[in-house]
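S.K.: Next comes the sequence, and after it the predicted model I'd like to discuss.
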Amino acid sequence: MAQPLITDIEAAKRLARTIAQDISLYNENKVKEGIENDSFFDILAKELDEGRKHYHSKVDPSLLANTNYFDRAIVDKILKPKGHLKTKIW
């Protein structure tokens with residue numbers, strides 16, 4: 001039996017952060033290279049797409065329609081912690 005979709009805002013945010021942290025953890029070199037070379041979204045396109053699809057498969061469409069929790073998690077859990085890297089994007 002399939003699990004019910006997430007309808008709780010905080011649970012959706014937690015899932016988004018967990019997926020983003022996993023992307024960062026398992027792709028550390030690509031994250032670093034992407035930030036340093038301003039190619040983050042290109043170099044991690046596959047991983048970000050897979051993460052987004054997974055997130056969308058678990059969260060109720062009513063939450064997806066008016067929120068950007070996944071995108072915010074990418075910024076908060078992957079990009080912000082790498083603020084120390086030398087790059088022309090900041």
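M.R.: Received, thanks.
S.K.: CA only for contacts and neighbour counts going forward, please
M.R.: Noted.
S.K.: Below-threshold pLDDT in the protein: ranges please.
M.R.: In the predicted model of the chain, no residue satisfies pLDDT under 70.
S.K.: Which helix runs longest in it?
M.R.: helix 9-26 (DSSP state H).
S.K.: Centre of the chain to that one, how far?
M.R.: 6 Å (CA atoms, centre = their mean, to the nearest Å).
S.K.: Mind listing what's buried along it?
M.R.: 12-13, 15-24 (16 or more other CA atoms under 10 Å).
S.K.: Check stretch 80-90 too.
M.R.: So, applying 16+ other CA under 10 Å, stretch 80-90 has no buried residues.
S.K.: could you say what helices and strands the longest helix of the chain packs with?
M.R.: helix 45-58, helix 69-74 (3 or more CA pairs under 8 Å, 6 or more residues apart in numbering; DSSP states H and E).
S.K.: now it against helix 45-58, angle please.
M.R.: With axes from the mean of the first three to the mean of the last three CA atoms, to 10 degrees as the basis, helix 9-26 and helix 45-58 are set at 150 degrees to each other.
S.K.: which residues are contacting helix 9-26?
M.R.: For helix 9-26, contacts defined as CA atoms under 8 Å, 6 or more residues apart in numbering pick out 6, 31, 47-48, 51, 55, 59, 63, 69-70, 73-74, 77-78.
S.K.: could those residues be laid out in CSV, adding neighbour count and distance to Thr87?
M.R.: CSV is the format used below for those (neighbours: other CA atoms under 10 Å; distance: CA to CA, whole Å):
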residue, neighbour count, distance to Thr87
Ile6, 19, 37
Val31, 22, 12
Glu47, 17, 21
Leu48, 19, 21
Gly51, 19, 25
Tyr55, 21, 29
Val59, 21, 34
Leu63, 16, 34
Tyr69, 20, 25
Phe70, 24, 24
Ala73, 21, 21
Ile74, 20, 17
Lys77, 19, 18
Ile78, 22, 15
